[in-house]
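**Q** predicted model, plus sequence, below.
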Amino acid sequence: MIIQTGVDLPETLPRILGVPTLAVLAAILFVGFVFEAWPRGSTLVQQKSGASRYGKANLLSRLTFFFLQPIINISLRRTLTMQDIAGQLPEDMKSRVCYNGLSAKWNERLRRQKANDGSRSPPSLFWTIMGSNGLSLVPILLSRVAIVLLSYLLPVLLKLLLEYLDNYETKPLSYGVKLAIGMFLSSLGVSLLNTYNRFQMLLLGVGTRSALISMIYRKSLRLSAGSRNESSSGSINNHMSVDAGKFERSAPFY
């Protein structure tokens, strides 16, 4: 049985759910973004908090690196000291936290490999580092996907805009304005996500370098007399100063 209501749904639904729904959704997103991007540190609780400057930074501040502005202002007046730049990185970038995470994952892989085949060859250090930073890689991978999608969206919008300019009389002016705004937002999103992605990879590289140096130093303190004859202090220093920094220098290019 077919019920005829006398209402053309394909024409009615866009008028009912189209512009008003999009306007409400845009308003909700805008309000949420304003609350998230509102400057933090104004309340007494936030001022007395022991969190780092990066930890107090909101989403907009992290995307634009505005949380570093106080340091830049100080550097314009005088030379920066260790007290000025202390406590800027996230809490999980501390040497103790980085070392505990990577060392625990490395020891776990060593025990697992010995239990499985009894091989004396060590597991892959690269995959151990990737496993210990699994949660940190999730936003990096998601931002990479978003960058690719926005990069493909930009030429599509440009094509539509050029087609509109060729036949601008057939479509309203608002259509062209929407395309122009979409191109601007796409370019802005790609720039912000690229900066965010590179910064996160730099943090990952710094944390890994700090963890590797701590692991090498701790291992050097536990070497036996026979092992000390095989590994000189120069080779140990070379591992700490050169080899540990290779991952930090290559991380932004992954």
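**A** That came in fine, so what should we check first? Numbers count the residues shown, from 1 in each chain.

**Q** dump the residue contacts of the spatially closest residue to Asp243 that is not a sequence neighbour.
**A** Nearest residue to Asp243, sequence neighbours excluded (CB to CB, 6 or more residues apart in numbering): Leu212, at 7.8 Å. C-betas here are computed from N, CA, C, even on glycine. Contacts of Leu212 were listed using CB atoms under 8 Å, 6 or more residues apart in numbering, and they are 102, 240, 243-244, 247.

**Q** okay, and Leu212 sits in which element?
**A** Using DSSP states H and E, Leu212 sits in helix 173-221.

**Q** ditto for Ile236
**A** helix 233-238.

**Q** export that helix as PDB, just CAs?
**A** Coordinates of each C-alpha in helix 233-238 appear next as PDB, following Å, rounded to 0.1, in the frame of the first residue of the first chain:
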ATOM      1  CA  SER A 233      84.600   4.900  26.500                       C
ATOM      2  CA  GLY A 234      85.000   6.600  23.200                       C
ATOM      3  CA  SER A 235      82.700   4.100  21.400                       C
ATOM      4  CA  ILE A 236      80.100   4.600  24.200                       C
ATOM      5  CA  ASN A 237      80.300   8.300  23.900                       C
ATOM      6  CA  ASN A 238      79.900   8.000  20.100                       C
END
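
**Q** low-confidence regions, the stretch 51-200 of the chain specifically.
**A** Scanning the stretch 51-200 of the chain for pLDDT under 70 picks out 51, 117-120.

**Q** 50 instead, please
**A** Scanning the stretch 51-200 of the chain for pLDDT under 50 picks out no residues.

**Q** what sits up against the helix or strand where Ala115 lies?
**A** Element membership of Ala115 [criterion: DSSP H and E] is helix 95-116. Helix 95-116 is contacted from outside by 91-92, 119, 121-123, 125, 128-129, 131-133, 207-208, 210-215, 218, using CB under 8 Å, 6+ apart.

**Q** mind listing what's buried in that helix?
**A** Buried residues in helix 95-116, defined by neighbour count with 16 or more other CB atoms under 10 Å: 98-99, 101-103, 105-106, 109.

**Q** contacts for the helix or strand just after it next, please.
**A** Sequence order places helix 125-132 as the next helix or strand after helix 95-116, per DSSP H and E. The contact list for helix 125-132, computed with CB under 8 Å, 6+ apart, reads 101-102, 104-106, 109, 137, 208, 211, 247.

**Q** how near is Asn133 to Ile213?
**A** Distance, Asn133 to Ile213, using CB to CB, to the nearest Å: 16 Å.

**Q** make that Trp127, sorry
**A** As judged by CB to CB, Trp127 and Ile213 stand 20 Å apart.

**Q** these two: which is more packed in?
**A** Taking neighbours as other CB atoms under 10 Å, Trp127 and Ile213 compare with Ile213 leading, 19 against 11.

**Q** great, nothing more from me.
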